[in-house]
Each structure stands twice: as structure tokens, then as C-alpha cells.
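J.: Build me a model:
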Amino acid sequence: FAVLDGAGGMLADNGGPVQTIALKDDVSNPALDAGDDAAAPDIDASGAGRDDYRDVANNDTNISDLGALELQQAEIASLIVTTSDDVVDAFDDVTSLREAIAYADSLAGADTITFDLAVGDRTITLGGTELVLSSDVTIDGDIDGDDVADITISGSGLSRVLNVSSGTADLDALTITGGYASSGGGVLIANGATVYLSNSTLSGNDARYGGGIYNRGTATLTNSTLSLNSADYGGGIFNFSGGTATLTNSTLSGNDARFGGGIYSFGTATLTNSTLSGNTAEFGGGISNSGTATLTNSIVLGNTAVNDAEVSGTVTATNSITGANNETAELVFAVLDGAGGLLDDNGGPVQTIALKDDVSNPALDAGDDGLAPETDASGAGRDDYRAVANNGTDISDLGALELQQAEVASLIVTTSDDVVDAFDDVTSLRE
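T.: You can find the predicted model right below:
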């Protein structure tokens with residue numbers, strides 16, 4: 001027995017309608033899995049079902065215990081999420097994301113949480129309470145290895161989704177949506193905390209400060225998109241004083257706020273090959289900056305505001321388009337959606353805004369190749385647009401998505417491969 005009362009087991013409240021005597025949780029206990037399953041009732045005196053005790057076979061393949069109360073053995077803690085339910089139950093033999101996070105927090109060092117969920121069961125809807133990350137942890141939502149988010153985490157409009165209170169969180173291939181809070185509807189990054197967000201989408205989150213992200217620590221976004229988030233300050237991102245936000249190959253579209261439709265920053269914001277378009281605000285449709293903001297190889301264009309449609313405040317822009325030279329969204333983007341470029345599936349892990357395939361487009365081959373990442377947000381390499389030299393010999397485009405120009409059709413076969421690919425710059429016999 002688990003606890004003795006004199007010579008016998010202790011009668012106690014172990015759940016169910018009556019008091020019972022609990023069995024000892026020990027592999028050497030001869031009462032465990034020793035019953036005849038055919039003769040045992042389906043449930044015990046507490047109403048619980050039969051439970052197979054790991055590494056015990058006191059009666060061959062039978063799993064029912066002896067006595068009135070079945071021992072419910074706690075599940076083995078795991079970093080592999082096997083249920084989309086937002087539940088904490090040590091006896092249900094499945095691991096929720098909340099349980100995996102708690103387990104990671106209990107371990108020393110950095111840990112990685114992965115998912116083993118079937119197609120159609122990959123949306124985790126929180127039950128009204130945010131998930132708190134307080135240790136060094138990676139949450140990898142890419143189940144099939146293609147960098148595309150397979151896991152969606154939703155706050156269902158009842159709570160913030162993620163609160164990174166300390167440590168370093170690496171969030172990869174996730175869709176974060178439905179978050180609601182006063183600060184950081186999707187993700188809150190506390191002072192001293194660090195977040196690396198890659199191949200991910202934050203969409204449909206709401207807060208007063210930072211609909212998508214509220215940052216007081218260090219936020220690094222790569223190949224990610226923030227869309228349709230809303231706030232009073234910083235529809236997509238609110239970067240507080242002391243916060244550092246670095247965006248590469250990232251897109252902000254359709255976000256809305258009073259100040260800073262895309263980004264509202266008091267801290268340090270650095271954007272490289274990023275696109276902000278279609279965001280709205282009263283002040284600073286694209287960016288409202290009161291700190292230090294730097295744009296490199298980026299586009300802030302096609303945003304709307306009562307005051308300062310693209311940029312409010314001082315921003316240092318190098319090899320970037322902010323409308324300061326009378327550039328228009330119609331000239332730069334392939335398809336318009338209202339005032340800005342259309343956010344769409346252009347390949348890769350997240351939605352992006354495509355550039356217009358036109359020799360007069362000022363965004364083509366206008367970047368600094370030395371500062372541009374080798375690939376764009378879709379994973380494609382840089383492509384030299386023919387007959388365009390908007391920045392000397394540099395070939396990288398501005399913004400998050402490189403325009404892949406179709407090859408010139410030819411009667412000269414330059415590859416022995418039997419392939420049809422309009423973008424591989426070689427001509428097959430079939431072509």
C-alpha cells in the first residue's frame with residue numbers, strides 16, 4: 001500500500017464516491033497489473049479506467065491491478081507534443097504544449113520542443129491563459145521539414161499567446177494568432193529576454209501596445225510576416241525604450257494602429273530587406289519612430305495615415321524606398337490591394353508582397369549586395385534583372401521578396417537536362 005495506517009493501508013479520499021486504499025507506486029509491488037482483465041470491471045471504485053504500469057507484467061499481458069483502486073501511473077514527461085488540447089493532466093498519457101514548456105523549464109540547459117500531431121489536428125487553442133517561456137527553449141513547428149509552419153497557436157481572443165519572461169526563445173515555423181492583451185497580443189518579450197522568430201506568421205492579434213509583438217528585450221525576426229494585427233501603438237510591433245528589434249526578409253502588411261501601423265519604436269529598430277506596405281494609422285502608417293531606426297535594402301511604401309503615410313519621425317534609410325523620391329506603390333508592387341502591395345503566397349514559408357516585373361521599377365537590383373542576405377523570404381537566391389542597374393553592379397532587390405525574372409526563350413540548347421523551368425537561366429531541348 002502507498003501509506004500505512006497501523007498494520008494496514010490507509011483509507012483516504014483518492015477520488016470517486018467513497019474512500020479507498022491506494023496501492024504503492026513501485027515496480028516491485030506484486031499487486032500491480034496482477035489481475036485477470038476478463039474478470040475485472042472496466043473501472044475501479046474511483047471511476048477510473050485500468051492503467052498499464054510500465055515495465056510490470058505480474059500476470060502476463062493483463063493490466064488490471066488487484067484491489068478496489070487502480071494505480072494511475074503518471075505519464076513520462078516529454079518535449080514532444082502529442083495533443084492539441086491545452087490541458088495539464090499527468091495521467092492522460094499525452095503531452096500538451098503547456099506541459100512540454102513546463103518540462104523544458106524544469107530542465108537545465110537549452111531544450112527543443114517538437115510536435116507529433118496529425119494533419120487536421122495542428123491548431124492549439126489556448127484555454128484563456130498565456131503560455132510563459134522562462135528558460136532557453138526552441139519551439140519547432142515545422143513537422144515535415146519544409147520550413148513552413150505546421151503548428152498554429154491561438155489565443156482565441158481570450159489571452160496573449162506567448163509571454164517570453166526570460167531566457168532565449170527560438171520560435172520557428174509557427175502561426176501565432178488570436179492573441180489579446182494590453183501589451184503584446186501575440187508575443188510579449190520582457191526586459192532581458194531574447195526571441196528569435198523565423199519562418200513564422202503573426203496575424204490577427206490585438207493589444208493596446210504591440211498587436212503582434214511588444215518588445216522590451218531583444219527581438220530578431222527572419223523570414224517572417226506580421227499581418228492584420230491591431231493596437232493603439234504599434235499594430236505590428238511596439239518596440240519599447242531599451243528594446244532592440246532586428247528584422248530581415250520580413251513583411252508587415254495590413255496592420256493597424258493609431259501610432260505606427262506597422263512599427264512604433266522607442267528603442268532601436270534595424271530593418272534589412274524588409275517590406276512594410278498596406279498598414280494604416282493616424283500617425284506613421286508604416287513606421288512611427290521616436291528612437292533609432294535604420295532601413296537597409298527595404299521598402300516602406302503604400303501605407304496610409306492621416307499624418308505621415310510612410311514614416312513618422314527620423315529614420316536612416318540606405319538603399320531603401322520610403323516614398324521620399326515620389327515612388328508609388330503602383331510602380332513598385334506587382335499587384336495592389338488598396339493602397340499597398342498585395343500580400344500573397346509567392347512561395348516559401350510565409351506570405352510576401354511581390355515586386356512588379358518592369359524595367360522602370362526602382363526596387364529592382366537596387367540593394368546593397370554586401371548587406372543583403374543570400375536568399376529572400378521565399379528561400380530563392382538573388383537574381384540579376386536584365387538591363388537594370390539601379391545600384392551599379394549590385395543585383396539584390398529591395399524588400400523581402402526577390403523578383404525572379406523569367407529567362408529569355410532561345411533556340412540554343414544550353415543544358416542536357418530534360419527540364420522545363422522558366423527561371424533556371426538555361427534552355428533544354430524540350431524548351
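J.: ok, and for the helix or strand containing L247, which residues are buried?
T.: Per DSSP states H and E: L247 is located in strand 244-248. Of all the residues in strand 244-248, those buried under the rule 16 or more other CB atoms under 10 Å are T244, A245, T246, L247, T248. (Each C-beta comes from the backbone N, C-alpha and C, glycine too.)
J.: go on, stretch 65-73?
T.: Quick answer for stretch 65-73 (16+ other CB under 10 Å): D65, L66, G67, L69, E70, L71, Q72, Q73.
J.: Pipe these into a markdown table and attach secondary structure per row.
T.: Listed next are the buried residues of stretch 65-73 as a markdown table, based on DSSP: H, G, I helix; E, B strand; the rest coil:
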| residue | secondary structure |
| --- | --- |
| D65 | coil |
| L66 | coil |
| G67 | coil |
| L69 | coil |
| E70 | coil |
| L71 | coil |
| Q72 | coil |
| Q73 | coil |
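J.: Distance to I412 for those residues - can I get that in CSV?
T.: Below are those laid out as CSV (distance: CB to CB, whole Å):
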residue, distance to I412
D65, 79
L66, 84
G67, 85
L69, 83
E70, 78
L71, 77
Q72, 74
Q73, 72
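J.: Would you format those residues as JSON lines with pLDDT and distance to A110 included?
T.: JSON lines is the format used below for the buried residues of stretch 65-73 (pLDDT from 0 to 100; distance: CB to CB, whole Å):
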{"residue": "D65", "pLDDT": "95", "distance to A110": "39"}
{"residue": "L66", "pLDDT": "96", "distance to A110": "44"}
{"residue": "G67", "pLDDT": "96", "distance to A110": "44"}
{"residue": "L69", "pLDDT": "96", "distance to A110": "41"}
{"residue": "E70", "pLDDT": "92", "distance to A110": "38"}
{"residue": "L71", "pLDDT": "91", "distance to A110": "35"}
{"residue": "Q72", "pLDDT": "89", "distance to A110": "32"}
{"residue": "Q73", "pLDDT": "82", "distance to A110": "29"}
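J.: Specify which member of those is nearest to T129.
T.: Q72 (24.9 Å; CB to CB).
J.: looking at it, that closest one is touching D51, isn't it?
T.: Yes. The pair Q72 and D51 qualifies as a contact (CB atoms under 8 Å) at a distance of 5.1 Å.
J.: overlap in contacts of the two?
T.: Shared contacts of Q72 and D51 (CB atoms under 8 Å, 6 or more residues apart in numbering): F91.
J.: And for the closest residue in space to F240 that isn't next to it in sequence, the neighbour number?
T.: Spatial nearest neighbour of F240, excluding adjacent residues (CB to CB, 6 or more residues apart in numbering): R216 at 4.6 Å. R216 has 23 neighbours, counted by other CB atoms under 10 Å.
J.: Which residues are in contact with R216?
T.: With CB under 8 Å, 6+ apart, R216 has these contacts: I189, A190, N191, A193, F240, G242, G243.
J.: can you tell me which of the residues you listed are in strands?
T.: I189 (DSSP state E).
J.: Phi first, then psi, for the residue nearest to F240.
T.: phi -120, psi 0 (degrees, to the nearest 10).
J.: related to what we said a few turns ago, and which of the buried residues of stretch 65-73 is nearest P362?
T.: Nearest to P362 among those is Q73, at 66.3 Å by CB to CB.
J.: The closest one and N59: what is the separation?
T.: Separation of Q73 from N59 (CB to CB, to the nearest Å) stands at 16 Å.
J.: Give me the pLDDT value at D172.
T.: Here, the pLDDT recorded for D172 equals 98.
J.: looking at it, it is touching I143, isn't it?
T.: No. Using CB under 8 Å as the test, D172 is too far from I143 to be in contact (11.4 Å).
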